[in-house]
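S.K.: Got a sequence here, can you model it:
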Amino acid sequence: MPVIRLEQLSKVYGRGAGAHTVLDRLDFEVGSGEIFGVVGPSGAGKSTLAQCIALLERPTSGSVIVNDERLSELDADKLRAARRRIGTVFQRDGLFSRRTAAQNVALPLEYLGVTKAEARARVAELLDRVGLSDRAGHYPHQLSGGQRQRVGIARALALRPRVLLADEATSGLDPDATASIVGLLKELRDELGLSIVFITHEMDTVVRLADSVARLDTGRIVESGPVAQLVRDPDSPLGALLRPAPTALPARSGDRAFRVTYRGDVPGDWIGLAGEQLGVPLALLGADIELVGGVALGSATVAVPETAADRLPAVLARLGLDARPAAEEPAAGSVPRNDAPQLDDLVVTA
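M.R.: Next up is the predicted model:
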């Protein structure tokens, strides 16, 4: 049974001719222990979505069901209790500058009137879980960006939620800090059984962290599915953004270059096998392959003599690969993925 379910969720600001629809009839589910990524360009409605899931913003219509409770139908007291089971982490860590790391983590416990002894024990447990036991007495200005975000995550977990909302939680962090937060969130999911909604514009982070992903644009979900499935679909605009793009060497004169995408279980020696079947060697011009959930995903650029080029796609298809001429334009609605993938320039043709 899903832990989070959205049913025809809409959010409209204003009325009449001045009305602006930010979220338009969204439907999706997040299962127990699932990490669900939401991506989209600036202004797509991602942050409003996070606020509506936690009922910090009330939706105009539709339902938000979390832990089997329809949040929009709860009275004020029951809604406050329901929110305690939803942890939130935002791009800005929101730490109080005059409170130490331990004191920041303790805040939710203080509001609930937890005894000082119980709060100390819980804070010590949480700081240990996020790897900051030795920073308990440090103030935010004494911590790095990644460490401050870890304190924010610890605070979000103080009341033992089943759901964690992370809105741009790695935005602005350096690659090492981002990798650290990604690893921490995966550990917390595995150890605590958390369901996580991870909202971001960083495609590399989605590939490393999320089980499933939805692309939000102008308030609508225009594409969604398991990350591994999307990355293996050569016709998916979102998959094109998620796939690593190899830096390719130029093909030799008389050869034709092809972009090759993993679609299924692929033999490790597929280049040699394809060469044997074609009767000519394949030249590897570039590749970016990575393991996601134990599955090899990615793409490569290969070149073959012109005489074998027409046969290459069929040969590779039998090996679980999709091959298209390297000069072929990406699918409509997609943009090439680069070293710092963004979605702000994404053009949707839905």
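S.K.: residue boundaries of the strands in the protein?
M.R.: Using DSSP state E, the strands found in the chain span residues 4-13, 20-30, 35-39, 61-66, 69-70, 86-90, 163-167, 195-199, 212-217, 220-226, 255-262, 283-292, 295-305, 321-325.
S.K.: Quick one: closest of these to Leu249.
M.R.: Distances from Leu249 to each of these were compared using C-beta to C-beta; the shortest belongs to strand 283-292, at 4.5 Å. C-betas here are computed from N, CA, C, even on glycine.
S.K.: residues making contact with the closest one?
M.R.: Around strand 283-292, the neighbours that count as contacts under C-beta atoms under 8 Å, 6 or more residues apart in numbering are 207-208, 227-228, 231, 244-252, 255, 257, 262, 271, 296-304.
S.K.: which parts of it are buried?
M.R.: 283, 285-288, 292 (16 or more other C-beta atoms under 10 Å).
S.K.: Pick the one among those closest to Arg84.
M.R.: Val292 (33.3 Å).
S.K.: Quick check: Val12 touching Arg25?
M.R.: No - the pair formed by Val12 and Arg25 falls short of the contact definition of C-beta atoms under 8 Å, at 11.0 Å.
S.K.: can you tell me how far the residue nearest to Ser97 when sequence neighbours are not counted sits from Thr170?
M.R.: Counting by C-beta to C-beta, 6 or more residues apart in numbering, Ser97 lies nearest to Pro140, which is 5.4 Å off, once chain neighbours are set aside. According to C-beta to C-beta, to the nearest Å, Pro140 stands 18 Å off from Thr170.
S.K.: Which one of those two is surrounded by more residues?
M.R.: Between Pro140 and Thr170, counting by other C-beta atoms under 10 Å, Thr170 is the more crowded of the two (26 against 19).
S.K.: nearest residue to the more buried one other than its sequence neighbours?
M.R.: Thr178 (4.5 Å).
S.K.: Check Gly146 too.
M.R.: Nearest residue to Gly146, sequence neighbours excluded (C-beta to C-beta, 6+ apart): Ala177, at 3.0 Å.
S.K.: Let me know how buried the one you found is, in neighbour terms.
M.R.: Each residue near Ala177 was counted by other C-beta under 10 Å, and the total is 18.
S.K.: Make TSV from the buried residues of strand 283-292 and add pLDDT and distance to Val105 to it.
M.R.: Below are the buried residues of strand 283-292 laid out as TSV (pLDDT from 0 to 100; distance: C-beta to C-beta, whole Å):
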residue	pLDDT	distance to Val105
Ala283	91	55
Leu285	89	50
Gly286	84	46
Ala287	80	44
Asp288	76	39
Val292	67	32
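S.K.: for the protein, where's the lowest mean pLDDT among helices and strands?
M.R.: strand 283-292 (a mean of 79; mean pLDDT, DSSP states H and E).
S.K.: Output that strand as PDB, nothing but the C-alphas.
M.R.: Listed next in PDB are the C-alpha coordinates belonging to strand 283-292 (Å, rounded to 0.1, in the frame of the first residue of the first chain):
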ATOM      1  CA  ALA A 283      35.800   1.100 -32.500                       C
ATOM      2  CA  LEU A 284      34.800   2.500 -29.100                       C
ATOM      3  CA  LEU A 285      34.900   6.300 -29.300                       C
ATOM      4  CA  GLY A 286      33.500   7.000 -25.800                       C
ATOM      5  CA  ALA A 287      31.400   5.600 -23.000                       C
ATOM      6  CA  ASP A 288      29.800   6.500 -19.700                       C
ATOM      7  CA  ILE A 289      28.300   3.400 -18.000                       C
ATOM      8  CA  GLU A 290      27.300   3.300 -14.400                       C
ATOM      9  CA  LEU A 291      25.600   0.900 -12.000                       C
ATOM     10  CA  VAL A 292      22.200   2.000 -10.800                       C
END
